[in-house]
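Chemist: structure for the following, please:
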Amino acid sequence: MATIRDVAKAAGVSAMTVSNVINDHPNVRRATREKVLEAMTRLDYRVNVAARNLSKGRTGTIGLAVPQVNSPYYSRLAATIITAAERHNLRVSIEQTGASRDSELAALSMSRNRLYDGLILSAVGLGPTDAERLKVDHPVVILGERFFGGPVDHVAMPNVEAAEAATSHLIERGCRRIAILSGRVDIVDSSTLRLAGYRQALEKAGLPADPALVQTVDRTDMAEGAERARKMVESGLGFDGLFCVNDSLAMGALRGLASAGVRVPDQVKVIGFDNVKESEFLVPALSTIDPDHDAMAERAVHLLIRRIEETEPSTDHEEFFSSFSVVIRESTGG
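Modeler: Numbers count the residues shown, from 1 in each chain. You can find the predicted model right below:
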């Protein structure tokens, strides 16, 4: 296998110049760079990434801990983070925490032992009282709706504003009795924040907030969405719009409404949240909120790399909120 010295000799330059070309140093003349690259190609030189990373005390691998790997939202999140990491020549190792506080704490404490350079943690089980537990001796970025007030960087989506926009879209389409299908509301997470946005939209439109229209489920998956939507119809609960706090619930709700003989969007208009890939292939195609997953993934990876490369730990941490857009499809008459 060719070495840097072999390339340097073939190109007629120093080994340091070859190293500068490999690391894309800006102060290498174009002609010299081309000469070195030609020699690398001719000698079939391959950069030993593992050796280079180890020389820096790094592995070239970051960890990603998510509640579920088989849900539409988290599988898409993982895919976008992997793509963002690849642009920085990083590999991603994925863990599943099962939305358990203990498993999330284990991911935090064990990431150094698992030879990650840093960890991106989608926190669901942890809460603000666990802020001190985030003070670990390796880089961590938190994804999700739990607010810890530091001591790590945090990437989230504007849940309240986006949920308000989703509900307002239903109002603009003529809905006046809008139900919400939500997860638990006894803790501060995406469900409670999106419920707040739903209520804000009703208040601004001058519509009454009927407590019976707030429907909560233990699991925010398709099966629960289908079952609850069907029961809502069978119970005689009158509603002409339905905002689901994620697309899994919304996809299930479409099935449950169809089973109950309700036509979407003619009788009930439905909108979800997350814009998972499957949502556009349903019949009817699902209107939803797109929280810009790519921007969230890119910023999470960027922040983690910044922490990995800093020589002194920083006490200045960033809170990043993505943009969002309302994706209008057939389920709301689009």
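Chemist: going by C-alpha atoms from here, please, whenever you check contacts or count neighbours.
Modeler: Will do.
Chemist: quick one, domains of this protein?
Modeler: Domains of the chain are assigned by automatic domain parsing as 4-47, 59-157+293-323, 159-290.
Chemist: how about those, which one is nearest G333?
Modeler: Among these, the nearest to G333 by CA to CA is domain 159-290 (5.8 Å).
Chemist: and the closest one, what's its mean pLDDT?
Modeler: The average pLDDT within domain 159-290 is 95.
Chemist: and stretch 306-326, by the same measure?
Modeler: In this model, stretch 306-326 has a mean pLDDT of 86.
Chemist: let's number from 685 now, not from 1
Modeler: All set: I'll call the first residue 685, so the last point we hit is now stretch 990-1010.
Chemist: hmm, who's touching that stretch?
Modeler: The contact list for stretch 990-1010, computed with CA atoms under 8 Å, 6 or more residues apart in numbering, reads 801-802, 822-824, 834-842, 846, 849-850, 971-976, 979-980, 983.
Chemist: starting at the chain centroid, how far to that stretch?
Modeler: Relative to the chain's own centre, stretch 990-1010 is displaced by 14 Å; criterion: CA atoms, centre = their mean, to the nearest Å.
Chemist: for the stretch 685-834 of the chain, give me the ranges with low pLDDT.
Modeler: Across the stretch 685-834 of the chain, residues meeting the criterion (pLDDT under 70) sit at 708, 731-741, 796-798, 831-834.
Chemist: where exactly do the helices run in the stretch 685-834 of the chain?
Modeler: Secondary structure of the stretch 685-834 of the chain (DSSP state H, counting those that start in this stretch): helices at 688-695, 699-706, 714-726, 733-739, 756-770, 785-794.
Chemist: got it, and the stretch 885-1018 of the chain?
Modeler: Counting by DSSP H, counting those that start in this stretch, the stretch 885-1018 of the chain has helices at residues 906-918, 931-943, 977-993.
Chemist: about what we covered before: turn the helices of the stretch 685-834 of the chain into CSV, columns for mean neighbour count and distance to L966.
Modeler: Formatted as CSV, the helices of the stretch 685-834 of the chain follow (neighbours: other CA atoms under 10 Å; distance: least, CA to CA, whole Å):
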stretch, mean neighbour count, distance to L966
helix 688-695, 18, 55
helix 699-706, 18, 47
helix 714-726, 16, 49
helix 733-739, 12, 44
helix 756-770, 19, 14
helix 785-794, 18, 34
